[in-house]
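> Predicted coordinates and the sequence they were generated for:
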Amino acid sequence: MLNIASMSLSGGQGKTTVAVLLAKYLAEQGSNVLLIDSDPQANATTFLGHSVESDEPTLLEAIKGTVDIEDAVYETEISNLSLIPADDALDQVQDWLSSSGAGAVMLRKRLKPLKSHDICIMDSPPQRSQICKTIIGASDYILMPCESSVKGFGSMVRTLCAVDELNDIEVSSAQILGVIPFRDRWVGNNRTNESQLCISAMEEELDGDAPVFPTIRESERYKQAISGKTTLKQLGYPDLEYPFEVISDVIRSIKR
């Protein structure tokens, strides 16, 4: 199973939008996809229509090992797409991971028994936390959604630093899959100066080590697709799926 985190260390960068829509796109293309909601806000869980019952295992129990990982996996209404959900109780795992002595590698260890999925997409929280560290430790690749703004550029830099720190101490070997600019703003047929400057700065910072993928433009259609349990194609906007098509091609080349 190829593990890919959607990660950006500021709020509002589009990481859940990218995680959910990429997971849907890959599932529609025939891959058996697992989406892990590792954000205590649990937006990905909500967007996939899952309601966590009081007696249901979630990512919290899976990480702590109080249930088998398979018992925390649920089918969704979307063919080929499964979910390990979260709720706000996931915050409780922070201290547990910190005191475990192996927090950064714990999720990778827990995921090893899963054999029936091709790709795992992990929606990471926006804070530099113990959960963030264990997501990096479990990742083969990091996909960074970053708003086309000064804040988004700063989020990208912080995310790169967080990955480098864990790679340097050899508790992670995650590679950067690329950056996907989010809320790319256009006026008519022209990109705004702020968006253009920030995307250029992202490309310069990466310096060819990883790509800047086609952008997600500022559009309500993406919100409709993630909250309506549908895809952009089903909404009648297949052209908006182009960024996910490009990312999917890269993922397929890695898996060959």
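Sure, I can see it.
> Identify all contacting residues around the helix or strand hosting V250.
Take DSSP states H and E as the rule and V250 turns out to sit in helix 242-255. Here helix 242-255 makes contact (CB atoms under 8 Å, 6 or more residues apart in numbering) with 2, 4, 21-22, 25-26, 29, 118-119, 141, 143, 177-178, 180, 211, 213-216. (Each C-beta comes from the backbone N, C-alpha and C, glycine too.)
> Can you tell me the closest non-neighbouring residue to S149?
Distances taken as CB to CB, 6 or more residues apart in numbering place C198 nearest to S149, at 5.8 Å, with adjacent residues excluded.
> Revised request: answer the last question for K109.
If you skip the residues right next to it in sequence, K109 has A102 as its closest partner in space, 7.5 Å away by CB to CB, 6+ apart.
> Now do the one helix or strand R110 maps to: everything it contacts.
Assigned by DSSP H and E, R110 belongs to helix 103-111. Contacts to helix 103-111, defined as CB under 8 Å, 6+ apart, come from residues 1, 3, 38, 62-63, 65, 69, 97, 100, 102, 120, 130, 133-138, 166, 171-172.
> C-terminal to it, which secondary structure element comes first?
Next in sequence after helix 103-111, counting helices and strands by DSSP H and E, comes strand 119-123.
> helices and strands around the longest helix anywhere in the chain, which ones?
For the chain, the helix with the greatest residue count under DSSP state H is helix 150-168. With contacts defined as 3 or more CB pairs under 8 Å, 6 or more residues apart in numbering; DSSP states H and E, helix 150-168 has these neighbours: helix 130-138, strand 141-147, strand 175-184, helix 193-206.
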